[in-house]
Every structure is written in structure tokens, then in C-alpha cells.
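**Q** dropping a prediction and its sequence here:
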Amino acid sequence: MLLALGVAVWIVLAVFALRGATWAYAIFLVLAFVWIPGRAGFHLHRPECEMALSFDLALFSLTNYKHIFLFAMFFLMTRVQLGRRPYALLIAAAATMAIGVLIELEEGATTGHCRIRDLVPDAAGVFVGAAIASIWRRIITRDARTT
């Protein structure tokens, strides 16, 4: 029951953040940073990360569809929060990858599962999110021209 409530809170915050609510985006960020250490009772240790990365490991990592979806959503939320700033797509991509690195370090400091290859689906999420944002922008500008 508690897990379902947590998932519902994440979804509600994501929806509000996607609609431009800065408060929801801020709460989402705080929860993202506290979630993993909180599950481990805030017992942290020095992370030792697995730095092995090969083409086969990268392809295998791309089967982590959950991370691809979550990081695409985070990219889109960040992009919406940036508004019409110059280089918004680039800033959103950098912020999303930075969150991916920080989450990997958190995982290493709590569960010991810090792997560089886990950044591959995060990067794929950035590309999916950027594609969605670009398509959405084209649809909006096309509709604006026709009215």
C-alpha cells in the first residue's frame, strides 16, 4: 500500500511539473535525491563504481526500459521548466545526465550497485525525451501557423 502511495505521489508531481509547476519540480528533485538513501536508512559508505563498459554491456543496458522512460520524463520536465531559454534542450540534457550520475553515486553509497553502464539507458532517455520535445514543438508551431 505504501509503495502504491509513493508511486502515486511521484506521478502527480511529474504531471504538475510537466505542466510547468516549479514547486512540483522542486519537490520531485528533492525526493529523487532522498529516495535511494532513505530506502537504505541513510547508511552511506564510500561508493566503489564498476567502470567496465563494452558494446555488449551497453546493448544489454538498453533493455532497462524503466530507466529510459523515467529519464525521458525527467528530461521533459526539465525542458518545460526551462521555458524558452536559449540552449534549453542542451541544458536539460546536461541536467538529466548529471542526475543520472548522482543517482549512480547514491546507489553505490547505499547498495553498492554503482555501474557506469547504467548511464547508457539514462542517455537513451535523454534522446527519447529530446525527440518527443522536438516533435511536440513542431506540432505546436504548425498549429500556431494554421490558426
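**A** That came through fine.
**Q** could you report the distance from Phe69 to Ile132?
**A** The gap separating Phe69 from Ile132 is 11 Å, by CB to CB, to the nearest Å. All C-beta atoms are positioned from the backbone trio N, CA, C, and that covers glycine.
**Q** what does Leu82 give?
**A** Leu82 is 15 Å from Ile132, by CB to CB.
**Q** contacts for the helix-or-strand element of the chain with minimal mean pLDDT?
**A** Using mean pLDDT, DSSP states H and E, helix 2-18 stands out as the lowest-scoring helix or strand of the chain, at a mean of 83. With CB atoms under 8 Å, 6 or more residues apart in numbering as the test, helix 2-18 has contacts from 23-25, 27-28, 31, 73, 76-77, 80-81.
**Q** mind putting these into TSV with distance to Leu59 and neighbour count?
**A** Shown next, in TSV, are the contacts of helix 2-18 (distance: CB to CB, whole Å; neighbours: other CB atoms under 10 Å):
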residue	distance to Leu59	neighbour count
Trp23	39	10
Ala24	35	19
Tyr25	32	20
Ile27	35	16
Phe28	30	21
Leu31	31	14
Met73	23	21
Leu76	25	22
Met77	28	27
Val80	31	18
Gln81	32	21
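**Q** that concludes my questions; thank you for your assistance.
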